[in-house]
Structure formats: C-alpha cells, structure tokens
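S.K.: Show me the folded form of this:
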Amino acid sequence: MSGVSAAAWLRERQQKHPPWDASDRGHRLLQLMRARLPRELDIGISNGSLAAGEVGTDEPAARMTDLGSAQFAVEIDSGMFELVNLVTHALFGFTTQHTANGVVQPPLTHRQLVEKIAGIFLEQRGGKFKSLVDYRAAAAGLSPRPGIADALASYAMQFVLAHELGHVIESLGGHDKYPAPRPWAASETYADWLGVRLTLGTQPKRMVYAGVLLAIRVFLYLERLGQTFAGPHPSLDVRFGLIKQMAREIFDHDIDFTVISTIALSYDEMLEGVENYLAGKGHTTQQTVERVRVRLWAMLEERLKGSITHQRLVADVQDALQGVDAATCKEVARTFSEWFSERRSPVIPDPTNGRLPATGGFLKDVIPDMPTPARDEFARLFLA
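M.R.: So this is what the prediction gives:
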C-alpha cells in the first residue's frame, strides 16, 4: 500500500460503505478532539497521513489500519455509533417516562430498566438492527432529554476513537515520548492509557468520565453475547478495572477522583446490572467501597447546594446504606473522617471551595438515622 495516503484509502472505503450519517461522525469526532491531540497526530491530520471516519456497516466496532509509510486510518462503524446512541437514550428515556398527553409516570424499577437495556443488546446480537432505519425506529421518542443522552454518547465515542489513536501513537514510537507505567505498556493497555488521557484531558469533567466507562460497558455486553475482538486484549472484566485505575492517575487525590466519579458510577451501577443480567447473574450489583463512597458524596453535594432537604438526605442515605456490610461501612467512614476533619492533612484538597467542614456537618446530622451497621461505624469516628 506504499504511496496510498490514509485520507485517500479511507475515502475509498467510505465510497464502498457510505456512512449512515452524512456528516461522517468519525471525522467530526476527530476534529472535535483535535485541539488536545499530540502534535504528531495534528500534523498527520493536516497532511492526510492520519484519517478517521465513519464507515457504513452495521457492526459495532472500530479499528486502526496501519497502511505503511506512516499512514494510518481509523474506521468506526456506523453500527457502533447507533448502538451507543440507543443505549444512552434508553438509559435516560426509561428512567423518566412521559405519556402522550404529557403526564409524567413513575420511573421504571432497577430491574425493569436493566431488562430494557439488556434487551437492546440481545436484539442487536440477534440481527434486528441492520440499518439506520432500524436503530432510529428503536430510539424514536425514547428520551425526554435527548441533548444529555447525545452528549453522553459523544463522550463514549470519543474514547473509542481515542483508543484507536493510541494505537497510532504507539506505531509512531510513542512509548519513548509518551511512556506509560510499566504494567500498562502492552499494546492494548497502552492504547487504553493514552485513550483515557486524550478523552479526559487535564481538567476532566463528570459526564466525560461517565462516557468512558459507558464505552467499556458496551464492549463488555457485546463480549458477553459472543462478539470477539481482534488483538491480544485483556479480558474486559480486567480492562474495566484498569480503565478506572488509569483515570485515577490523572488526579492528585482520591477526593478529586470521587467528585468526578459521581455521575459515572451512578450510571455504571445501572449498567453493571445489565452486564450481570446478560451473564446470567441476576440483576443485583455489588456495593463496593468506591461505589458507597461516591454515592454518599453525591448526596452530600446536593445537600450542600440546597438541592435537597435534610429529610430527603436522610431517606437517600438510608437507601444507599441498607444492607451494606460492616467492613465496607468502616472503610468509607474512615476515609470520610480524614476528609472532613477540621484538622485534615494539608495534602487533602477541598473541592467544595472552603465548605468541606460544612459538608462533614451534614454527614454528622444523618448518622443517627443510618441503618446498622453503618450507624455504628460512622458514629464511632464522627460522634465519639
């Protein structure tokens, strides 16, 4: 393929398989991310040696092709864009249902929502979605907040593209200029490591991180249903944990990572239920230390902003801690006691702009109403 530019090669591919979206969402994503890409990639985009675009097939996949002579093309199948878009619209659309006459109905239960989203993947693997018409028909009227759903889908697809661009950087000798920690030096984990950084940037936002985790969950679902992926990938269960570790490395302290995780882990708990359902494990999700810590932080944030009352905070905390084991409660209480202490270490940042002690005060106020064993573990550290 010597002498063939990546841009020309991709144009030929798109002539054979026209993008389902005439705007070419792959190219749009590349331009959207261009300002934060390494200089080598920006030069490649300018001279046509790096091209990325949407290819009109129904497969939910993406790939980077090394054409030789430092020419690289990234293809993202239209089916990948549409599947992610359908999932995000389902995630928002089924949590608040609107009838034809504008009446808001109660949201679906966790179990019902899990089964709805799982059904999308079962239908996809069963061959239901073969065209843009199929996907759009399934998404019609689904989300009462399409703008938010579209944004989350865009962030997920940015990570998909960023991962493939990570392979480009690796092929250009990026290990020397952009070295990853040794455990992440293998090809696929290196691409993930760069992908996380290219997507999140230096000032990560909550919805962007939520999109990164969503993208990995989609691949998990597809793997559960029999799709295989090219290359020596780690298992997707392992990969999901690594992605979170890679994101954590961007932050100086766990308190900042907790703040950025509030939206991501809220959605991800629901999506973990979908993954468990597809794997035949039922609908339940695991209440880890990270998940409980983030959920409580999100509730305290809302109380600090005045968005919820004390009574609502009590009810939400009771729900969040119901059935959580003593060891998990103890670890979360220990962490919060360090963060909210008036004598906290100077290395602990204050993401509340000086209101961290007040946040801790809201937590103290609800401890007497916590379910056991959480009440005992938190009282030991906060009310002694």
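S.K.: Could you export stretch 26-40 as CSV, CA atoms only?
M.R.: Provided in CSV are the C-alpha atoms of stretch 26-40 (Å, rounded to 0.1, in the frame of the first residue of the first chain):
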residue,chain,number,x,y,z
GLY,A,26,-15.9,9.7,12.9
HIS,A,27,-14.4,12.8,11.1
ARG,A,28,-16.4,15.1,13.3
LEU,A,29,-15.1,13.4,16.5
LEU,A,30,-11.5,13.7,15.2
GLN,A,31,-12.0,17.5,14.6
LEU,A,32,-13.7,17.9,18.0
MET,A,33,-10.7,16.3,19.7
ARG,A,34,-8.0,17.8,17.5
ALA,A,35,-7.0,20.6,19.8
ARG,A,36,-5.9,18.2,22.6
LEU,A,37,-4.2,15.7,20.4
PRO,A,38,-0.4,15.3,20.4
ARG,A,39,1.4,17.3,17.7
GLU,A,40,2.3,14.2,15.7
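S.K.: what about it, average pLDDT?
M.R.: Here stretch 26-40 scores 95 as its mean pLDDT.
S.K.: which other residues reach it?
M.R.: Contact with stretch 26-40 is made by 19, 42, 45, 51-55, 74-76, 154, 157-158, 161-162, 165, 169, 172, 174, 178, 198-199, 201, as judged by Cβ atoms under 8 Å, 6 or more residues apart in numbering. The way it works is simple: take the backbone N, C-alpha and C, and place the C-beta from them, glycine included.
S.K.: Among these, which are located in helices?
M.R.: Per DSSP state H, helices hold the following members of the contacts of stretch 26-40: 42, 45, 154, 157-158, 161-162, 165, 169, 174, 198-199.
S.K.: what bits of the stretch 1-150 of the chain have low per-residue confidence?
M.R.: Within the stretch 1-150 of the chain, the stretches with pLDDT under 70 are 1-3, 93-107.
S.K.: which residue ranges form the helices in it?
M.R.: If you assign secondary structure with DSSP state H, counting those that start in this stretch, the helices in the stretch 1-150 of the chain sit at 6-16, 25-33, 39-47, 78-93, 110-125, 132-139, 146-171.
S.K.: Now tabulate these in a markdown table and tack on mean neighbour count and distance to Asp268.
M.R.: Listed next are these as a markdown table, based on neighbours: other Cβ atoms under 10 Å; distance: least, Cβ to Cβ, whole Å:
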| stretch | mean neighbour count | distance to Asp268 |
| --- | --- | --- |
| helix 6-16 | 17 | 33 |
| helix 25-33 | 19 | 22 |
| helix 39-47 | 15 | 29 |
| helix 78-93 | 24 | 11 |
| helix 110-125 | 18 | 12 |
| helix 132-139 | 16 | 21 |
| helix 146-171 | 21 | 12 |
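S.K.: Can you list the buried residues in stretch 329-339?
M.R.: Across stretch 329-339, burial judged by 16 or more other Cβ atoms under 10 Å covers 329-333, 335-337, 339.
S.K.: and what of stretch 318-330?
M.R.: Judged by neighbour count using 16+ other Cβ under 10 Å, the buried positions of stretch 318-330 are 320-321, 324, 328-330.
S.K.: cool, stretch 353-363 as well?
M.R.: 356, 359-360, 362-363.
S.K.: Which one of the buried residues of stretch 329-339 is nearest to Ala247?
M.R.: The closest of the buried residues of stretch 329-339 to Ala247 turns out to be Thr335 (Cβ to Cβ; 18.2 Å).
S.K.: Go ahead and list the helix or strand containing that closest one.
M.R.: helix 326-340 (DSSP states H and E).
S.K.: same for that helix, what does it pack against?
M.R.: The contact analysis (3 or more Cβ pairs under 8 Å, 6 or more residues apart in numbering; DSSP states H and E) places helix 326-340 against helix 289-304, helix 356-366, helix 374-382.
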